[in-house]
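*Asks:* Build me a model:
(4 chains)
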4 protein chains.
Amino acid sequence: MRGFFYPRTPTGQASIIPAPPWYYSGDMLTVEYRTDPALVAALLPPPLEPAPEDPGAVAIIWADWQSCSEGGAELLDPVRAQYKETLVVVRCTYRGEIFSRCVFIWVDKDFALVRGLHQGYPKKLGSIWMTRPHPYGRAAPRLEAGATIAATLAAADRRLAQAVVTLRDVVEAPGFVNSHPMAHHRVVPGIAKGAPDALNELIRSAAAAVTGGPVWRGDASLELFESPTEELAALRVDEIIGGYYRQVGVVWDGGEVLAPHGSGGGVQPPEARES
Amino acid sequence: MRGFFYPRTPTGQASIIPAPPWYYSGDMLTVEYRTDPALVAALLPPPLEPAPEDPGAVAIIWADWQSCSEGGAELLDPVRAQYKETLVVVRCTYRGEIFSRCVFIWVDKDFALVRGLHQGYPKKLGSIWMTRPHPYGRAAPRLEAGATIAATLAAADRRLAQAVVTLRDVVEAPGFVNSHPMAHHRVVPGIAKGAPDALNELIRSAAAAVTGGPVWRGDASLELFESPTEELAALRVDEIIGGYYRQVGVVWDGGEVLAPHGSGGGVQPPEARES
Amino acid sequence: MRGFFYPRTPTGQASIIPAPPWYYSGDMLTVEYRTDPALVAALLPPPLEPAPEDPGAVAIIWADWQSCSEGGAELLDPVRAQYKETLVVVRCTYRGEIFSRCVFIWVDKDFALVRGLHQGYPKKLGSIWMTRPHPYGRAAPRLEAGATIAATLAAADRRLAQAVVTLRDVVEAPGFVNSHPMAHHRVVPGIAKGAPDALNELIRSAAAAVTGGPVWRGDASLELFESPTEELAALRVDEIIGGYYRQVGVVWDGGEVLAPHGSGGGVQPPEARES
Amino acid sequence: MRGFFYPRTPTGQASIIPAPPWYYSGDMLTVEYRTDPALVAALLPPPLEPAPEDPGAVAIIWADWQSCSEGGAELLDPVRAQYKETLVVVRCTYRGEIFSRCVFIWVDKDFALVRGLHQGYPKKLGSIWMTRPHPYGRAAPRLEAGATIAATLAAADRRLAQAVVTLRDVVEAPGFVNSHPMAHHRVVPGIAKGAPDALNELIRSAAAAVTGGPVWRGDASLELFESPTEELAALRVDEIIGGYYRQVGVVWDGGEVLAPHGSGGGVQPPEARES
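*Replies:* Numbering: from 1, shown residues only, chains lettered A, B, ... in the order given. Coordinates of the predicted model:
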């Protein structure tokens, strides 16, 4: 049976995602802010620990992507290539190394959702919008100092977040929170009632290659809104660090297992998972 | 960390799905047909084998669901409760027992997609529509002999299937293809490039309880359409067996592992997964 | 050229809506409440005047529809038949007769939007959800005393309204606000910059026939939320009158012109339309 | 009462579209082709006549827009600014002048639909996708010779059209079909059953200003697909003329009435509208 993920068939044609490498071209808007470090720490299962410096730093990132696999067939049927996402990233420490970690993420296509599951991103569907710079007309900012770029996130018919960034100058890096390899758990609950997880592994994932244009830094504002099914607003904005905008190209081609049993070396007991 | 699936947090509030039991109330339209048994057999990885009788039988099922978890909070915010799905089911034999098996399935909400992954359903997103009987007005059939119910499926902006069933009489069972416990593989590819699956287990899943109304049987027609990303049309319709309509209530509360390494007792080597 | 609305072609096949009569089968949830009568009066252009009794009464109605035109072809392709809507209705007086009037409305399909424009409904797109009673399973209320039915409205990725109604008893009528013929303006701005309206007529529209089941009355709660592009929340809820649920069948087959120049007998000057 | 279109309220805040001028920044992909001139002529109501030269020329255009009104508030909430559209344009002659005319068009937002109605575009909702050039990564073509850009259109869950253009060189103009002012009918059927149109005027509409980048010309392919509710495929592709890609900025600020009674000087009798 062939097919990278599912469904697996004799040809693999129907698989919801083809095998890596996966290619991405897109625009990223990042707002970094500080929250109470205890709120970040509470999202890190052992043996992950908070980052030693600025442990309350959070990055919320909007991205407007076009993506494809080897051969690029998706680019000839762009409904299968284009998607948008919003992700919330914190930092953590594992065995002395600093990692980034996505704690919440929303996308607007199924292939992106499942591709993210493979990488350990806890993806849900959302409605994501982001101002697009354009070189002509008055209905878009030019990509230059003074440009104002806004972004919004909604899920289940509720606005969850909105940000506005006004570009000021070009800097070296789009912040520091999403700049490390990702330490993610890939989890699948056991199929039997109350059983331990069937899969709970800690993995390391990073881009195989990144190219990109100038990193614009700017003034940022960010609002987070309550929802009965989300915990984003709990990561309250205490202090804005900055806003960043960059056009990038990314390649992803696999990660590595850090710990086959993610929760500190043993299978997670059911009572730890859900009351 | 709490939360049945992901993201896991101290409260579990944000988990994309709560723990089972899961409750479903909805309407199901089934069309059973025969295709070439070799086409069904090709979708069954070892050690699954074709059903001994009528091995080319296929059921395509449209369902218009409302669902909730314990407590029913979703019913007070129905964007989180209602979804539609189309699934394609065949039969197989495992260790002498006959199982049903979903080979393709599309839903229109993220919670349904991820809930299905837990159960081993190879879920993608689609656009699913099904005529709804109603007791008043001329814009709906009554639920009675002569009622005509239609259903369509699309994904990635292509129509994939459409069916029409005209109800004739009440019978004992809504066909025979989807009448067994499900034998499903739950798969997660390994995170490292070319690695074997991190999870590839064969599980058994069945409803914990089913209630329902009369089973209507009727005349059915079914059309399947080609798509570059699907293999549904390859399960070509050689002969219609019948159409069925039923209103049901279902409880699902966990399954059991049949084989922890789904592909016949060993981890699937990478060359078997993807060329 | 044929075709009821547009595009008009030699065959009329592509018209976004066919000619009336239009048939509807569906479920309606109504919450009636009182707001400041001045807020209702402010939404009534002259020569419309407030209703003499209970002039601050408002009805917000969720409907889950299946609809079709003569011949019912839409019922065989239900993506073209099913839609949901939320409408906000007040009452007014015109030449001594009491009318209902829809002041805001959202639907989730284009054919419903344009059909509504023909009838003078100020339709926008929204995301509308409403709990569906069902006879089986725990994921739906039965249609009986004690059933709780919820409904939500969102537009442009913001939640605008949510209601919960718990059914108590069967009464004669689903409230009194939406019980009159509609007095609607049909407007099309002039194409030239600053020109008066090209169409601004006051029309009367009513169902040609209504059938339906028992009218359930119940306890209701209603929340309205702010949005920069809406004025729904301004019609604040001062006092809940009641909630109602009913399954209905409706026929619509044309209206009549009350005043060919809606704004009191003359074409509306441009400075009255927009600052 | 204020508000450019509807609903009209004391503040005008809720109007589905604000008054012009309207600004657009976006990317346009055009494929021009020849069909049977009789098919084009059949879409031109009198007194419009076919263009004298190349009367069977058709342009199908995909556009990926960001738009806003005066002040640009939409750009800070981009769900209200971004939309995509596919339009089909032919040419015609009116009183000796050559006009372009949009015969079919689909968009994916309500504000764009209603804004188009004001301009006489026969807008429906559709799902529209178009490859986006990007300067980084392998998931996008660069905007240069050899770039391949694809576009698709679907409505009511059916694929209606798909095109692929490979850019070759820079030319003066993006074709000749969509290069004239538009001659459009704005129609609203009479509200009474069988009544003549309440509005049926022939208007002239053109951009108040256009800026833009290089006009790329390329090799094009185009497929049109049948749908029971569309007549696009009837405009069959006999010969491809060429493909074009351009980034543009557009201002629209009103049109003018060419004929207040569009159908040749008299109100259209009902029997001419619909059998």
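
*Asks:* residue nearest the centroid of chain A?
*Replies:* Residue closest to the average C-alpha location in chain A (C-alpha atoms, centre = their mean): A:Leu87, at 3.8 Å.

*Asks:* Over to that one. Which of the three states is it?
*Replies:* Three-state call for A:Leu87 (DSSP: H, G, I helix; E, B strand; the rest coil): strand.

*Asks:* show me what contacts the closest residue to it other than its chain neighbours?
*Replies:* Once flanking residues are discounted, A:Leu87 sits nearest to A:Ile105: 4.1 Å by C-beta to C-beta, 6 or more residues apart in numbering or on different chains. In this view, the C-beta of every residue, glycine as well, is placed from N, C-alpha and C. In this structure, A:Ile105 makes contact with A:Glu85, A:Thr86, A:Leu87, A:Val88, A:Gly116, A:Tyr121, A:Pro122, A:Lys123, A:Lys124, judged by C-beta atoms under 8 Å, 6 or more residues apart in numbering or on different chains.

*Asks:* related to what we said a few turns ago, I'd assumed A:Pro122 was in contact with the residue nearest to the centre of chain A.
*Replies:* No - the pair A:Leu87 / A:Pro122 is not scored as a contact, 9.5 Å apart, by C-beta atoms under 8 Å.

*Asks:* Now do the shared contacts for the two.
*Replies:* Counting by C-beta under 8 Å, 6+ apart, the common neighbours of A:Leu87 and A:Pro122 are A:Cys102, A:Phe104, A:Ile105.

*Asks:* Name the residues linked to the last one by a beta bridge.
*Replies:* It stands for A:Ile105. Using DSSP bridges, the bridge partners assigned to A:Ile105 are A:Leu87, A:Lys123.

*Asks:* Quick check: pLDDT value at it.
*Replies:* Per-residue pLDDT puts A:Ile105 at 98.

*Asks:* Likewise for A:Gly249?
*Replies:* We have a pLDDT of 98 for A:Gly249.

*Asks:* residues in contact with it?
*Replies:* Residues in contact with A:Gly249 (C-beta under 8 Å, 6+ apart) are A:23-25, A:209-212, D:134, D:136-140.

*Asks:* A helix includes it, no?
*Replies:* No - counting by three-state DSSP, A:Gly249 is located in no helix; its state is strand.

*Asks:* Number of residues surrounding the closest residue to it other than its chain neighbours?
*Replies:* Closest residue to A:Gly249 apart from its sequence neighbours, by C-beta to C-beta, 6+ apart: D:Gly137 at 2.1 Å. Neighbours of D:Gly137 under the rule other C-beta atoms under 10 Å in any protein chain shown: 23.

*Asks:* So which residues on the stretch 51-200 of chain A come close to chain B?
*Replies:* Within the stretch 51-200 of chain A, the residues that sit near chain B (C-beta under 8 Å from any C-beta of the partner chain) are A:73, A:77, A:79-80, A:103-104, A:109-110, A:113, A:117-120, A:122, A:124-125, A:156-157, A:185-195, A:198-199.

*Asks:* Which among the residues you listed count as buried?
*Replies:* A:77, A:79-80, A:103-104, A:109-110, A:113, A:117-120, A:122, A:124-125, A:156-157, A:185-191, A:195, A:198-199 (16 or more other C-beta atoms under 10 Å in any protein chain shown).

*Asks:* for A:Glu239, which residues make a bridge with it?
*Replies:* Listed beta-bridge partners, A:Glu239: A:Arg34 (assigned using DSSP bridges).

*Asks:* would you list every one of the helices in the stretch 151-275 of chain A?
*Replies:* Ranges of helices in the stretch 151-275 of chain A, per DSSP state H, counting those that start in this stretch, are A:270-273.

*Asks:* circling back: the residue nearest to the centre of chain A: what's it in contact with?
*Replies:* A:Leu87 makes contacts with A:Ile60, A:Ile61, A:Ala63, A:Cys102, A:Phe104, A:Ile105, A:Trp106, A:Tyr121, as judged by C-beta under 8 Å, 6+ apart.

*Asks:* 7 Å instead?
*Replies:* By C-beta atoms under 7 Å, 6 or more residues apart in numbering or on different chains, A:Leu87 lies in contact with A:Ile61, A:Cys102, A:Ile105.

*Asks:* Ok, A:Leu39 next?
*Replies:* Contacts for A:Leu39 (C-beta under 7 Å, 6+ apart) come out as A:Ala234, A:Leu235.

*Asks:* can I assume it sits in a helix?
*Replies:* Yes - counting by three-state DSSP, A:Leu39 is located in a helix.

*Asks:* Spatially, what comes nearest to A:Trp22 if we skip its sequence neighbours?
*Replies:* A:Trp252 (4.8 Å).

*Asks:* what about the one you found, how many residues close to it?
*Replies:* A:Trp252 has 20 neighbours, counted by other C-beta under 10 Å.

*Asks:* In contact with it, which residues?
*Replies:* Each residue near A:Trp252 by C-beta under 7 Å, 6+ apart is listed here: A:Pro20, A:Pro21, A:Trp22, A:Ala207, A:Ala208.

*Asks:* now A:Val40
*Replies:* For A:Val40, the contacting residues are A:Pro50, A:Pro55, A:Gly56, A:Val58, A:Val90, by C-beta under 7 Å, 6+ apart.

*Asks:* Kindly reformat those residues as CSV containing distance to chain D.
*Replies:* Listed next are the contacts of A:Val40 as CSV, based on distance: C-beta to the nearest C-beta, whole Å:
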residue, distance to chain D
A:Pro50, 33
A:Pro55, 32
A:Gly56, 28
A:Val58, 22
A:Val90, 26
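
*Asks:* quick one: which of the residues you listed has the most company?
*Replies:* Going by other C-beta under 10 Å, A:Val90 tops these with 28 neighbours.

*Asks:* Can you flag which of the contacts of A:Val40 belong to helices?
*Replies:* Assigned to helices by DSSP state H, none of the contacts of A:Val40 qualify.

*Asks:* Now compare those residues and name the two farthest from each other.
*Replies:* A:Pro50 and A:Val58 (12.1 Å; C-beta to C-beta).

*Asks:* Show me which residues of the stretch 101-250 of chain A sit near chain C.
*Replies:* A:Ser127, A:Thr152, A:Ala154, A:Asp157, A:Arg158, A:Arg159 (C-beta under 7 Å from any C-beta of the partner chain).

*Asks:* Show me what the last one is bridged to.
*Replies:* Meaning A:Arg159. Note on A:Arg159: beta-bridge partners by DSSP bridges are A:Ala154.
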